[in-house]
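Q: Fold the following for me, if possible:
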Amino acid sequence: MITHSRMVSLFTTLALIASSLAVEAKDSTALERPTKKPLVQIAVLLDTSNSMDGLIEQAKSQLWKVCNEFIKAKQNGAAPEVQVALYEYGKSSLLASEGYIRQIQPFTQDLDKLSEELFALRTNGGDEYCGWVIQRAVQELSWDSSSDVYKAIFIAGNEPFTQAPFTQSKVDYARSCKAAITKGIIVNTIHCGDDATGRNTKWKDGAELADGKYMVIDQNRAVVSITAPQDAEIAQLGVELNKTYVAYGMEGRYGLARQAKQESNVAALAPSSGASVQRAVAKASANYQNANWDLVDAAKDKSFSVKSVKAEELPAEMQKLNEAERGAYIEKKSKERTDLQTKINQLNAEREKYVAAQMKSQSGTNTLDSAIIGAIREQGQKRSFKFE
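A: Predicted coordinates for the structure are as follows:
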């Protein structure tokens, strides 16, 4: 297995696949879509055995970056809804009878919840059954049946892809991968190690069976984001955005606390990861939604009325207001948020031009975020997604 020190860089690169724990969010395995927007469904399966500490570190910081890839993506002129699910496998503290596998989060749009779960992950030794965890993800998650939906599994690990318990031949990797693509679910494999080993241990074969991409990442490479002149202001505006959230009810209390905790978690990561900037950009997009606890997001639904919220469930500053004043208060916070988001997006457009110019003079990095984003763009285009 890969040592702890060798892996401490890997998952600092995952970002938005970007990104909360005290109370379960109102998401289920079957998310309701009020409108028929384009849809992206991604399941991330992470090896959390002893050797994977670095993989988890990259995931913490790069969840936001991966999800941000879809901010400017369009399918038939419309921006997609992005749902992400998360599994861990290969940890001996998980139940052997369930293949040392745990569904951490079903499909959700709650990026703070995903981020919180990633920061809570811990590793220890175990057996890594790739075929079994793929089978679980295919069978348990509520995958959309539409052919134009981009549905993909990304599985990352370093042990042989062929591992399976002797009593469970039905979870052979080949059978699981074929079952996935039969449902239109692409399986992308990410071997944490050298190319020859990945091929010899069937990571490449697993991807080819399900129309996916086989990738090898350099777990020893520290993930370093290009620093741009706009970064500090973008990160600060991202913090200012938090002041526009109007929490209501019990979930509001936990949601606001979760948001603040993820802000501090990301801020504590290495500045070179660029996580704070990517988180701010994600919060300025439609992919960051908290209608289950924030009145500003909830009010975007025309069927929602603040009258339906009990006075005692409102924040203290709203309880003394009458109905008209409460509506005006929400509108004021909504405008403040829109202004901040607009400014972030303007700065990020300038930042992207700067970063693109800098990247022309640098060689590509063989890390998790670059691997996932490359696969997303290539496969998304086959589902008629256009990326700016």
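
Q: Could you measure from residue 77 over to residue 333?
A: 30 Å (Cβ to Cβ, to the nearest Å). C-betas here are computed from N, CA, C, even on glycine.

Q: Between those two, tell me which one has more neighbours.
A: For residue 77 versus residue 333, neighbours defined as other Cβ atoms under 10 Å are more numerous around residue 333 (18 against 7).

Q: tell me what the helix or strand containing the more buried one is packed against?
A: Residue 333 is located in helix 323-359, with elements delineated by DSSP states H and E. The contact analysis (3 or more Cβ pairs under 8 Å, 6 or more residues apart in numbering; DSSP states H and E) places helix 323-359 against helix 231-241, helix 275-283, helix 295-298, helix 316-319.

Q: Over the third one, what's the mean pLDDT, rounded is fine.
A: To tie it back to what came earlier, the one meant is helix 295-298. When pLDDT is averaged along helix 295-298, the result is 96.

Q: what do you get for the first one?
A: The average pLDDT for helix 231-241 rounds to 95.

Q: elements contacting that helix?
A: Right, helix 231-241 is packed against helix 275-283, helix 323-359 by 3+ Cβ pairs under 8 Å, 6+ apart.

Q: Can you give me the pLDDT of the nearest residue to residue 336 once chain neighbours are set aside?
A: Nearest residue to residue 336 in three dimensions, chain neighbours excluded: residue 244, at 4.9 Å (Cβ to Cβ, 6 or more residues apart in numbering). Note for residue 244: predicted pLDDT of 97.

Q: quick one: residue 244 and residue 333 touch, right?
A: Yes. Taking contacts as Cβ atoms under 8 Å, residue 244 lies within contact range of residue 333: 4.9 Å.

Q: which residues do these two both contact?
A: Taking Cβ atoms under 8 Å, 6 or more residues apart in numbering as the contact rule, the neighbours common to residue 244 and residue 333 are residue 296.

Q: Can you name every helix or strand that the following helix or strand past the helix holding residue 333 contacts?
A: Remark: after helix 323-359, the chain's next helix or strand is helix 368-381, criterion DSSP H and E. Helices and strands touching helix 368-381, by 3+ Cβ pairs under 8 Å, 6+ apart, are helix 53-68, strand 150-157, strand 186-192, strand 214-217.

Q: what lines up beside the third one in the sheet?
A: Taking DSSP bridges as the criterion, strand 186-192 forms sheet pairs with strand 150-157 (parallel), strand 214-217 (parallel).

Q: the inter-axis angle of that strand versus helix 53-68?
A: Angular relation of strand 186-192 and helix 53-68 on a 0 to 180 degree scale: 140 degrees, by axes from the mean of the first three to the mean of the last three Cα atoms, to 10 degrees.

Q: List the buried residues of the following helix or strand past strand 186-192.
A: Next helix or strand after strand 186-192 toward the C-terminus (DSSP H and E): helix 195-200. Counting neighbours by 16 or more other Cβ atoms under 10 Å, one finds that the buried residues in helix 195-200 are residue 198.

Q: How about stretch 107-122?
A: Those buried within stretch 107-122 under the rule 16+ other Cβ under 10 Å are 107-119, 121.

Q: Tell me which of the residues you listed fall in helices.
A: Judged by DSSP state H, the subset of the buried residues of stretch 107-122 located in helices is 111, 112, 113, 114, 115, 116, 117, 118, 119.

Q: Now distance to residue 156 too, for those, in JSON lines please.
A: Conversion of these to JSON lines gives the following (distance: Cβ to Cβ, whole Å):
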{"residue": "111", "distance to residue 156": "19"}
{"residue": "112", "distance to residue 156": "22"}
{"residue": "113", "distance to residue 156": "20"}
{"residue": "114", "distance to residue 156": "15"}
{"residue": "115", "distance to residue 156": "17"}
{"residue": "116", "distance to residue 156": "20"}
{"residue": "117", "distance to residue 156": "16"}
{"residue": "118", "distance to residue 156": "13"}
{"residue": "119", "distance to residue 156": "17"}
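
Q: Of all the helices and strands packed on helix 323-359, which one is nearest residue 48?
A: The closest approach between residue 48 and any of the helices and strands packed on helix 323-359, judged by Cβ to Cβ, belongs to helix 275-283 at 20.1 Å.

Q: which other helices and strands contact that closest one?
A: Identification of packing neighbours for helix 275-283 by 3+ Cβ pairs under 8 Å, 6+ apart yields strand 15-16, helix 53-68, helix 231-241, helix 249-267, helix 323-359.
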